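Everything below, folded, please.
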Amino acid sequence: MPFTLATYIQQVRNRHPAFDKRLVPDKVLADFASLDQRDILTMALSRDRQYLAQSLAIGFDLDNAALDAPGTAGVGTAGGVPAEPDRNGGFRLVQATTGSGVQVDTTEVVTLVDETPVQGATSNTLTGAGVSWATNAYANDVVVITAGLGAGQPPRTIQSNTSGQLTLTSAWAIIPDGTSLFQVVQAVTALDDQFGVVTDLPSTTQQTGYLVRLNAQGVPYIDTTKPLVVSIARGVPLPPYHSVLRGTVRMLPQAGETTGCTYPLTLQSYSARGAVGSFAAYLFNGTLRLLGGRCDWDNVQGIELDYVPIPPDFTARTDVFLLPDTALPVAVARAAFFAATRLQGLPDVPPVPLDTFALQATSATNAFMNTLLLTKTARVSRMRRGRY
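Numbers count the residues shown, from 1 in each chain. Next up is the predicted model:
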């Protein structure tokens, strides 16, 4: 059964009369426990990489009604409400959406067609003045009205182009005319820490940035007449983790079925993220980023991840250790050695046998690690015999 910080502190104080609140305050022991719990978990993972593994459910917004719809990230959540881990190892419900615009680095944005006058336009085309382009040279790139009629409206994606005309994937909000200037830019993927949800795939949003230029006197200024457009990729935020072990994709039930099929989630490395497979994703900056397009994830109900969490810091005596109670002896022994070390050389403090506490801490650590090895061996043996 999980043990609280209060239990831990009391057991440390019971190790020696000098470990009282005056010499070893609760806050000092709590700070040590926060760091040491993570150290003990790291040691345990060196023996058993599945130690303290937990399951995290990521739900899909099946309606795909809006890109800013709340998503689901956490066990036991419903109705588009995400969750985050609490200090007791469970989950606390929170409400969040995809967030608003962010500052983006536009240094990687490639300008394909410099600012050019518009010769004419229809609801979904634009003809450039004095241009000669290769056919479909700018397909899937972006056209931006930078000045004149239509400036400031959202940029449009180019479906195809002839030598002088761009055909767009969606109609202009305001059709430009001869007073307008346009620019074609390449949409470059950038990464940020926005809260991303599985509402559209790939999960992206367009942001506009501006270049800083120098005037004739060498004074820098922001050139607002030449916006640059980038696509910002968003991922599903994960709780702090040591490692993600595996993932399972759960499909919607088909006609006549009560439960949907499941498939393994392929976790690619960041460098191999271009090698897209069936139900593939990669981890980046604490988020899960899904690979492929919307059609690759049709009929997916959710993803279940097995991961090893990072324990949060202790802030109250009622906080619960993420480590199981079998780890209490090693945690207390290591804290007692820490307290003994803290008291060395202090005046008017009874002698504290530092060597004894060091030996006890080492012995408890070795016993804990040996127990982990035996537990792992027993689990592997059961799996080989087909009991799991």
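
Just to check, Q37 is in contact with P324?
No. Applying C-beta atoms under 8 Å as the test, Q37 and P324 come out as separate, 11.4 Å apart. Every C-beta, even on glycine, is put in place using the N, C-alpha and C of the backbone.

More neighbours: which of these two?
Neighbours were counted for Q37 and for P324 using other C-beta atoms under 10 Å; Q37 has more, 22 against 13.

I'd like to know the phi and psi angles of the more buried one, please.
Main-chain dihedrals, Q37, degrees, to the nearest 10: phi -60, psi -40.

So the nearest residue to it once chain neighbours are set aside, which state does it fall into?
Nearest non-adjacent residue to Q37, counting by C-beta to C-beta, 6 or more residues apart in numbering: P311, 4.7 Å away. What DSSP: H, G, I helix; E, B strand; the rest coil gives for P311 is coil.

again, but for the one 4 residues further on
Under the three-state scheme (three-state DSSP), T315 adopts coil.

count of neighbours near it?
T315 - counted by other C-beta under 10 Å - has 12 other residues nearby.

Looking at it now. What's its pLDDT?
For T315, the model assigns a pLDDT of 88.

Quickly note the distance from it to T362.
The gap separating T315 from T362 is 30 Å, by C-beta to C-beta, to the nearest Å.

So what's the residue count around V144?
The number of residues packed near V144 is 24, by other C-beta under 10 Å.

if we can go back for a sec, right, and the residue nearest to Q37 touches L322 too?
Yes. Judged on C-beta under 8 Å, P311 makes contact with L322 at a distance of 4.1 Å.

Which neighbours do those two have in common?
37, 41 (C-beta atoms under 8 Å, 6 or more residues apart in numbering).

When these two are compared, which one has more neighbours?
Each of P311 and L322 has its neighbours counted (other C-beta under 10 Å); P311 has more, 24 against 21.

Identify the residues contacting that one.
When contacts are counted by C-beta under 8 Å, 6+ apart, P311 touches 34, 37-38, 41, 321-323.

Pipe those into a markdown table and attach distance to A255 per row.
Listed next are the contacts of P311 as a markdown table, based on distance: C-beta to C-beta, whole Å:
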| residue | distance to A255 |
| --- | --- |
| S34 | 52 |
| Q37 | 49 |
| R38 | 48 |
| L41 | 45 |
| F321 | 47 |
| L322 | 43 |
| L323 | 46 |
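
Just these: which are in helices?
The helices, defined by DSSP state H, take in 34, 37-38, 41 from the contacts of P311.

top of these by neighbour count?
Ranking those using other C-beta under 10 Å puts Q37 first, with 22 neighbours.

which ones are touching that one?
Residues counted as contacts of Q37 (C-beta under 8 Å, 6+ apart) are 311, 321-323, 331.

got TSV for the residues you listed, with pLDDT and distance to K21 too?
Formatted as TSV, the contacts of Q37 follow (pLDDT from 0 to 100; distance: C-beta to C-beta, whole Å):
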residue	pLDDT	distance to K21
P311	87	24
F321	90	21
L322	86	25
L323	88	24
A331	95	19
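
Helices along this protein, start to end?
Going by DSSP H, the chain shows helices at 5-13, 26-47, 328-343, 354-384.

tell me which residues in the first one are buried?
For helix 5-13, the neighbour count (16 or more other C-beta atoms under 10 Å) marks 5, 7-9, 11-13 as buried.

Just name the closest of those residues to A139, please.
Of all these, L5 has the smallest distance to A139: 60.1 Å, by C-beta to C-beta.

I'd assumed F321 was in contact with that closest one.
Yes. Counting by C-beta under 8 Å, L5 does reach F321; the two are 7.4 Å apart.

Touching both of the two, which residues are there?
Both L5 and F321 are contacted by A33, under the criterion C-beta under 8 Å, 6+ apart.

Any idea what R156 is bridged to?
Taking DSSP bridges as the rule, R156 bridges to V143.

check contacts around it.
With C-beta under 8 Å, 6+ apart, R156 has these contacts: 142-143, 168-170, 172.

just V249 next, same as before
Neighbours of V249 in contact, by C-beta under 8 Å, 6+ apart: 262-265, 279, 300, 302-303.

Which of those are buried? Put it as a PyMOL command.
Selection of buried members from these for PyMOL, criterion 16+ other C-beta under 10 Å:
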select buried, resi 265+279+300+302+303
